[in-house]
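Asker: turn this into a model:
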Amino acid sequence: RFHLEQMLPRLATALMRCMPCPERVLRMASNFHG
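Answerer: I've put the predicted structure just below:
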């Protein structure tokens, strides 16, 4: 199995740094996770 749970926080922080709206990224991450 592919370790998405380990990669997801890193990806989210990287996206937050890049993107102007972290809210959308967080919402997408939470929806994807749960």
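Asker: buried ones in the least confident helix or strand in the chain by mean pLDDT, by neighbour count?
Answerer: Here the helix or strand of the chain ranked lowest by mean pLDDT, DSSP states H and E is helix 22-33, holding a mean of 74. Buried residues in helix 22-33, counted by 16 or more other Cβ atoms under 10 Å: 25, 29. (Each C-beta comes from the backbone N, C-alpha and C, glycine too.)
Asker: can you list the residues that contact that helix?
Answerer: Helix 22-33 is contacted by residues 5, 8, 11-12, 15-16, 19 when judged by Cβ atoms under 8 Å, 6 or more residues apart in numbering.
Asker: ok, and the most crowded of the residues you listed?
Answerer: Counting neighbours by other Cβ atoms under 10 Å, Ala12 comes out on top of these with 18 neighbours.
Asker: ok, that residue to Glu23 distance?
Answerer: 12 Å (Cβ to Cβ, to the nearest Å).
Asker: CA atoms only: put the host helix or strand of Gln6 into PDB for me.
Answerer: For Gln6, the host element (DSSP states H and E) is helix 4-18. Taking Å, rounded to 0.1, in the frame of the first residue of the first chain, the C-alpha atoms of helix 4-18 are listed here in PDB:
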ATOM      1  CA  LEU A   4      -0.800   8.600   1.600                       C
ATOM      2  CA  GLU A   5      -1.200   9.500   5.200                       C
ATOM      3  CA  GLN A   6       2.500  10.300   5.600                       C
ATOM      4  CA  MET A   7       2.600  12.300   2.300                       C
ATOM      5  CA  LEU A   8      -0.600  14.200   2.800                       C
ATOM      6  CA  PRO A   9       0.600  16.600   5.600                       C
ATOM      7  CA  ARG A  10       3.800  17.400   3.600                       C
ATOM      8  CA  LEU A  11       1.800  18.000   0.500                       C
ATOM      9  CA  ALA A  12      -0.700  20.200   2.300                       C
ATOM     10  CA  THR A  13       2.100  22.400   3.800                       C
ATOM     11  CA  ALA A  14       3.700  22.700   0.400                       C
ATOM     12  CA  LEU A  15       0.400  23.700  -1.200                       C
ATOM     13  CA  MET A  16      -0.200  26.200   1.600                       C
ATOM     14  CA  ARG A  17       3.100  27.800   0.900                       C
ATOM     15  CA  CYS A  18       2.400  28.000  -2.800                       C
END
